[in-house]
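**Q** Compute the structure for the input listed below.
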Amino acid sequence: MARTPTVSDQVILEAAGNVMRQRGVDSFTLAEVAKTVGLSRAALILRFTSTQALKVRLLKQMVERFAGLLDQLPTTPGGDSLLALAAFIGRHANTRSSSASFWTAHHSNLNDPELAALEIERGLIMRRAISRMMPPTRIDHASAVAAFNAHLAGSLLAMLAETGAEPYEYLVGRTREWLRLADIPFNDLPDEQASKHVSSNQAISNEQAVVDP
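**A** Here you go, the predicted model:
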């Protein structure tokens with residue numbers, strides 16, 4: 001028997017996130033989300049009006065959570081903070097397959113004006129976090145922020161072409177090399193210490209199949 005429409009919006013959003021990860025952004029449907037939570041499609045439409053509205057609500061929540069988690073990272077300008085950020089993104093990326101899913105979702109979202117606006121917002125949040133952590137370098141501050149942001153995204157893409165590479169180890173390793181190249185000092189801590197600021201957030205790391213740098 002189907003449940004009565006007392007399922008909370010948050011439960012529906014969590015179910016929607018699971019469906020989106022499994023099916024992808026383009027194959028995501030209200031009918032499958034409704035089935036997952038035990039509601040009729042009509043009941044879900046009364047709550048969210050359309051598939052598009054649910055997508056927007058879901059991605060907006062993910063962007064808000066992402067911003068909140070970034071705010072918990074160290075903000076002292078320097079290599080240690082940038083390395084902690086890379087560790088955070090590596091943990092959030094989770095696995096090779098979820099990283100590949102993110103890039104698929106990312107490019108699909110850019111074709112939709114509402115979702116593209118949220119992707120742009122997420123990018124601004126990321127760059128603001130990098131800006132807070134970036135120490136003085138040989139180039140101007142804005143250029144250094146853009147270069148580090150490109151390093152994170154580019155490294156995740158490059159990882160997909162390397163057999164056996166996983167996001168956390170790959171991104172932390174490449175970031176250590178980037179910091180040395182940029183002549184930014186950092187403490188070369190073991191991986192488990194470098195990730196101490198993100199380990200408590202493991203529970204929602206799978207969200208990065210649809211939300212990432």
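
**Q** Leaving out the residues flanking it, which one is nearest to residue 20?
**A** Once flanking residues are discounted, residue 20 sits nearest to residue 28: 4.9 Å by CB to CB, 6 or more residues apart in numbering. Placement of C-beta: from N, CA and C, glycine included.

**Q** I figured that neighbour was touching residue 19, is that so?
**A** Yes. Using CB atoms under 8 Å, residue 28 makes contact with residue 19 at a distance of 6.0 Å.

**Q** Domain ranges for the protein, per the record?
**A** Structurally, the chain divides into domains by automatic domain parsing as follows: 1-49, 59-209.

**Q** Output those domains as CSV; include the columns mean neighbour count.
**A** Formatted as CSV, those follow (neighbours: other CB atoms under 10 Å):
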stretch, mean neighbour count
domain 1-49, 16
domain 59-209, 17
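
**Q** what's the spacing between residue 85 and residue 34?
**A** 38 Å (CB to CB, to the nearest Å).

**Q** err, residue 49, not the other one
**A** Taking CB to CB, one finds residue 49 at 13 Å from residue 34.

**Q** Can I get the helix or strand where residue 176 lies in PDB, CA atoms only?
**A** In this assignment (DSSP states H and E), residue 176 forms part of helix 167-181. What follows is helix 167-181 as a C-alpha-only set of coordinates in PDB (Å, rounded to 0.1, in the frame of the first residue of the first chain):
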ATOM      1  CA  PRO A 167      40.100  11.000  -6.700                       C
ATOM      2  CA  TYR A 168      41.500  11.600  -3.200                       C
ATOM      3  CA  GLU A 169      45.000  10.200  -3.700                       C
ATOM      4  CA  TYR A 170      45.300  11.600  -7.200                       C
ATOM      5  CA  LEU A 171      44.100  15.100  -6.300                       C
ATOM      6  CA  VAL A 172      46.200  15.400  -3.100                       C
ATOM      7  CA  GLY A 173      49.300  14.100  -4.900                       C
ATOM      8  CA  ARG A 174      48.900  16.500  -7.800                       C
ATOM      9  CA  THR A 175      48.200  19.400  -5.400                       C
ATOM     10  CA  ARG A 176      51.400  18.800  -3.600                       C
ATOM     11  CA  GLU A 177      53.200  19.100  -7.000                       C
ATOM     12  CA  TRP A 178      51.200  22.200  -7.900                       C
ATOM     13  CA  LEU A 179      52.200  23.900  -4.600                       C
ATOM     14  CA  ARG A 180      55.900  23.000  -5.100                       C
ATOM     15  CA  LEU A 181      55.700  24.400  -8.600                       C
END
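
**Q** other SSEs contacting it?
**A** Helices and strands touching helix 167-181, by 3 or more CB pairs under 8 Å, 6 or more residues apart in numbering; DSSP states H and E, are helix 79-93, helix 141-159, helix 191-194.

**Q** mind showing which ranges of the chain have poor pLDDT?
**A** 1-5, 24-26, 94-111, 188-213 (pLDDT under 70).

**Q** let's go with 80 and repeat that
**A** Along the chain, the model assigns pLDDT under 80 to residues 1-6, 20-28, 92-112, 162-165, 188-213.

**Q** my read: residue 170 touches residue 163, true?
**A** No. The pair residue 170 and residue 163 does not pass the contact test of CB under 8 Å, sitting 11.5 Å apart.
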